[in-house]
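J.: Let me see the structure of the following:
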Amino acid sequence: MKQLLRRGLKHIFVDEVPDPIVSANHVLVRPIYSLISSGTETASIHQEGVLRAVAENPSQLSKIWAALKAQGPIRTFAELKAKFSEYAVLGYSGAGIVVDKHSNVTNVEIGDRIAYGGEGTGHGETILAGSNLVVKVPDGIPFEHACFATLGSIALNGVRIANISLGEKIAVIGLGLVGQLIAQLTRLQGGFVIATDLKPDRVELAHRLGADAALPGGSQFPEQLLALTNGLGVDCVIIAAASKSAAPAQLAVEICRDRGRIVDVGAVELTFPWYDMYRKEIQLLMARAYGPGSYDPQYEQKGQDYPLAYVRWTENRNMEEFLRLVSMGRVQIGPLVTHEFPLDDAPRAYETIMDPASNSLAVLLRYPAAESPQPASDFQPKRRIDIQPAPAGSPTLGVAVLGAGNLARWVHLPNLKKISGVRLRAVHSSSGARGKSYAMRFGAEYCASDYEEILKDPKIQAVVIVSRNPLHAPQALAALRAGKHVFLEKPMALTEDECRELWTAVEDSGKHLAVGFNRRFAPSYVALQRQLAGRAGPAVLNCRVNSPGISGSYWMADPAMGGAILGEACHFVDLMYWLLESEPVAVSAFSLPTGKKDPIGENNLVASFRFVDGSVGNLTYCTVGSRTSGGERVEAFAPGLGATAEDFKRITVRTSVARKTVTWFAEKGYEAQMQSFFGALKHSQPPAVTVRDGARATIACLRMLESARTQAPCAIELD
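T.: Just a heads-up that it's a prediction; the model follows:
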């Protein structure tokens, strides 16, 4: 399919990417029209270049510094360079025809006319949208107007937050798309609308669309407004402007009456004069996107609606209501549209928006499906895009990488390029844009959004799975059954049944499966294991891990996705086994109180293990620490030995003397791990980390969680 993309900081173009594949709680849509959100989308286009972009957002420098400390200069500068060619998706508002849906979606059917929204949906010939972010379009509304549903719900949510009552005087600052819609909706709510903007043509349009007063911005505006309000000021100011200046916020304070309200819907610098805010006792309210549900992954991605009795106006219900008002002629859309372009001409659409002389307001993109009498039945998705042919030369082992997240980009894809005899054949990602971006950057032959394209490819002998945790076991099983070797990032599995299935699949297929326990290959832990190998008796281990990033709404914090224990603490179960070369046989654990959103109790746990050789180990895993605390520290004690490894950088060994080794940058063992896996395949040997190791880590973590839940010790019986 064709999709509009931004490459680097500012280059807008249309390119071929794989069509998305439908997933749970989602539908596929063939757009007829989409609306470019001139404020939100152009904010990410940095025409002035990188120095200006950094100057406007200096927090980027701290991100670069953090990456330097974590990844070292070579990888960090490679990523910075890649930013100038990486693809990004723009757009989140359109309307079209449903062409496919997941079986658990019940609010729409294939063939329905719908409006859709959602961050990351983009401007493309096929859109994947969440079921709570699509609504049916009433009869009589053309697609050109229906594609306003998302911006309309943003405006409607702002008006609801303002809590307007009959007769109140409301100032709307900023008459772009959202401001024009807010002005119309405010009148429907019974407010007396005073609309203002620095552009005279927008002021005139607001007046034509029904604003009670429309005044050009400037030095005379406050005086004119006071005349309209008998010197009292307005009851509420809704800021719908986009500005890097604090001028709109300061104007809002000036024109607001005593105990009035300010509602911020736009993107402006919110710097207020403290004394004036205090003296007038003004309330400041923020309107978040489309309404309740915005940015909540349970609502937007997992399709969990809020009960109407408790949340009357959700994102979805706001979209529905806005379209109802349009269908009844109470909100006018036609006068807002100034330009229309076919999708292939999308770069010119953005040039028009960025050109002040164009006087653009609503700019629409029209799609080829608009010319089709049956868009649903004509839908023929293409989920593989060829990029370059395989180079001629000696035979190589073909590899596909599944997942296009940070670990793939920062670690596994660069490391694969360094291995002789290995060829990156394909990149698989549910995001067509990201998959193609990574495939081009790292030299893959094609990218795909459908896993079946990878499984049926006879030129792929091995897959590297770096997808989200719940996909690990199903994707690995499918690959083994398709006759491919598997390198699987941890956790190998989330349940005992998945462990058994993978174990059986490895035995039945004769293929190898390795699990990504990179600490076995990190120099600091290799040195620690070497010290413990010669111990004269049982050892005591203490592992302390601080992971404050796995909290809040981050997907890895969700216990349903494995959480921090199955997803990350599995590393340290495997590490203790490997350091001791002894099986864990029992565990007793305690966690923070469960049932809380944050901190998540299941992710904060202390566990004590007993091993078959009599050794004991303690694991403390928490997500409540500070980011300035150390990440991980492993202590080992055995007769005559004390040793400590910290953050992949420092190891201290104390016997009759003390020795300390420190490195500048963390060496986490990823490259050595990948070399080991493909070296084993080349010599037809089993990998260093096997399916049994993956099963041990998962089952021990499950027993940890069970012990914390039951407050009783649990046996670990791997066989």
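J.: could you list every residue that touches the closest residue to A162 other than its chain neighbours?
T.: Excluding its sequence neighbours, the residue lying closest to A162 (C-beta to C-beta, 6 or more residues apart in numbering) is V263, at 4.7 Å. Where C-beta positions appear, they are placed from N, C-alpha and C, glycine not excepted. Applying C-beta atoms under 8 Å, 6 or more residues apart in numbering to V263 gives the contacts 158, 161-162, 236-239, 285-287.
J.: Now do the helices in the stretch 101-250 of the chain.
T.: With DSSP state H, counting those that start in this stretch, the ranges of helices along the stretch 101-250 of the chain come out as 143-146, 149-162, 177-188, 200-208, 221-228, 247-255.
J.: Is it possible to get a markdown table of the ones you listed that adds distance to Y670?
T.: What follows is those, written out as a markdown table (distance: least, C-beta to C-beta, whole Å):
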| stretch | distance to Y670 |
| --- | --- |
| helix 143-146 | 48 |
| helix 149-162 | 40 |
| helix 177-188 | 45 |
| helix 200-208 | 54 |
| helix 221-228 | 59 |
| helix 247-255 | 47 |
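J.: what would the ones you listed look like in a markdown table with distance to A370, mean neighbour count and mean pLDDT?
T.: Below are the helices of the stretch 101-250 of the chain laid out as a markdown table (distance: least, C-beta to C-beta, whole Å; neighbours: other C-beta atoms under 10 Å; pLDDT from 0 to 100):
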| stretch | distance to A370 | mean neighbour count | mean pLDDT |
| --- | --- | --- | --- |
| helix 143-146 | 7 | 24 | 98 |
| helix 149-162 | 17 | 27 | 97 |
| helix 177-188 | 21 | 26 | 97 |
| helix 200-208 | 26 | 17 | 97 |
| helix 221-228 | 42 | 16 | 96 |
| helix 247-255 | 37 | 21 | 96 |
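J.: buried residues in stretch 506-526?
T.: Neighbour counts over stretch 506-526 (16 or more other C-beta atoms under 10 Å) mark 506, 509, 511-525 as buried.
J.: could you give the angle of the helix or strand hosting the residue nearest to A162 to helix 221-228?
T.: Element membership for V263 (DSSP states H and E) is strand 256-264. Counting by axes from the mean of the first three to the mean of the last three C-alpha atoms, to 10 degrees, strand 256-264 lies at 120 degrees to helix 221-228.
J.: Check which helices and strands the following helix or strand past strand 256-264 sits against.
T.: Following strand 256-264 in sequence order, the next helix or strand is strand 267-268 (DSSP H and E). When contacts are defined as 3 or more C-beta pairs under 8 Å, 6 or more residues apart in numbering; DSSP states H and E, strand 267-268 sits against strand 242-243.
J.: who does the strand it packs on pair up with?
T.: Sheet pairing for strand 242-243, assigned by DSSP bridges, gives strand 267-268 (parallel).
J.: list the buried ones in the helix or strand just after the strand it pairs with?
T.: Sequence-wise, the next helix or strand downstream of strand 267-268 (DSSP H and E) is helix 274-280. Across helix 274-280, burial judged by 16+ other C-beta under 10 Å covers K280.
J.: and helix 274-280, what other elements does it pack with?
T.: Using 3+ C-beta pairs under 8 Å, 6+ apart: helix 274-280 touches helix 247-255, strand 256-264.
J.: For that helix, C-alpha coordinates in PDB please.
T.: Output in PDB follows, covering the C-alpha atoms of helix 274-280 (Å, rounded to 0.1, in the frame of the first residue of the first chain):
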ATOM      1  CA  TRP A 274       1.200  34.600  39.200                       C
ATOM      2  CA  TYR A 275      -0.300  37.700  40.800                       C
ATOM      3  CA  ASP A 276      -3.100  38.100  38.200                       C
ATOM      4  CA  MET A 277      -4.000  34.400  38.400                       C
ATOM      5  CA  TYR A 278      -4.100  34.700  42.300                       C
ATOM      6  CA  ARG A 279      -6.000  38.000  42.400                       C
ATOM      7  CA  LYS A 280      -8.700  36.800  40.000                       C
END
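J.: How far off centre is it?
T.: 39 Å (C-alpha atoms, centre = their mean, to the nearest Å).
J.: Just the mean pLDDT for that helix, thanks.
T.: Across helix 274-280, pLDDT averages out at 95.
J.: can you list the residues that contact it?
T.: 253-254, 256-260, 282, 284.
J.: Show me the one of the helices of the stretch 101-250 of the chain that comes nearest R544.
T.: Of all the helices of the stretch 101-250 of the chain, it is helix 149-162 that lies closest to R544, at 44.5 Å by C-beta to C-beta.
J.: what distance separates the closest one from the centre of its chain?
T.: 24 Å.
J.: Next: stretch 280-298.
T.: The chain centroid and the centroid of stretch 280-298 are separated by 20 Å under C-alpha atoms, centre = their mean.
J.: List the buried residues in that stretch.
T.: Using 16+ other C-beta under 10 Å as the burial criterion, the residues of stretch 280-298 that qualify are 280, 282, 287, 289-294, 296.
J.: Likewise for stretch 255-275?
T.: By 16+ other C-beta under 10 Å, the buried positions in stretch 255-275 come out as 255-257, 260-268, 272.
J.: what's the farthest-apart pair in the residues you listed?
T.: R257 and A267 (25.3 Å).
J.: so where's the chain uncertain?
T.: 39-72, 74-75, 77-84, 394 (pLDDT under 70).
J.: remind me, longest strand of this protein?
T.: In the chain, with assignment by DSSP state E, the single longest strand is strand 26-36.
J.: Can you list the strands that that one pairs with?
T.: Strand 26-36 has these partner strands in its sheet, going by DSSP bridges: strand 93-101 (antiparallel), strand 127-130 (antiparallel), strand 362-366 (antiparallel).
J.: who wins for proximity to P414 among these?
T.: strand 127-130 (28.5 Å).
J.: How far does that closest one sit from its chain's centre?
T.: 15 Å.
J.: do the same with stretch 648-658
T.: With C-alpha atoms, centre = their mean, you get 40 Å for stretch 648-658.
J.: Give the burial count for N104, as a bare number.
T.: 10 (other C-beta atoms under 10 Å).
J.: how about it, what does it touch?
T.: The contact partners of N104, by C-beta under 8 Å, 6+ apart, come to 24-25, 303.
J.: among these, which ones are buried?
T.: 25, 303.
J.: Between the contacts of N104, which sits nearest G152?
T.: Nearest to G152 among the contacts of N104, with distances taken as C-beta to C-beta, is G303, at 22.0 Å.
J.: That closest one in helix, strand or coil?
T.: At G303 the chain is in coil, as set by DSSP: H, G, I helix; E, B strand; the rest coil.
J.: Next, find the distance separating Y306 from G293.
T.: 7 Å (C-beta to C-beta, to the nearest Å).
J.: where does the residue nearest to L361 when sequence neighbours are not counted land in three-state SS?
T.: Leaving aside its sequence neighbours, L361 sits nearest to T338 (C-beta to C-beta, 6+ apart; 4.7 Å). Secondary structure state of T338, per three-state DSSP, is strand.
J.: Looks like T338 contacts D355 (just checking).
T.: No - using C-beta atoms under 8 Å, T338 is not in contact with D355, being 11.9 Å away.
J.: Between those two, tell me which one has more neighbours.
T.: Each of T338 and D355 has its neighbours counted (other C-beta under 10 Å); T338 has more, 16 against 10.
J.: mind listing what that one touches?
T.: If you count contacts by C-beta under 8 Å, 6+ apart, T338 has them with 358-363.
J.: Now rank those residues by neighbours and give me the top one.
T.: Counting by other C-beta under 10 Å, A362 has the largest number of neighbours within those, with 25 neighbours.
J.: wait, doesn't that residue sit right on L177?
T.: Yes - the pair A362 and L177 qualifies as a contact (C-beta under 8 Å) at a distance of 5.7 Å.
J.: what's the overlap in contacts for those two?
T.: 35, 148, 336.
J.: since we're on the second one, how many residues are nearby?
T.: This points to F148. Neighbours of F148 using other C-beta under 10 Å come to 29.
J.: And it, how close does it get to R113?
T.: 14 Å.
J.: Find the residues that touch each one of Y306 and G293.
T.: Common contacts of Y306 and G293, defined by C-beta under 8 Å, 6+ apart, comprise 299, 314.
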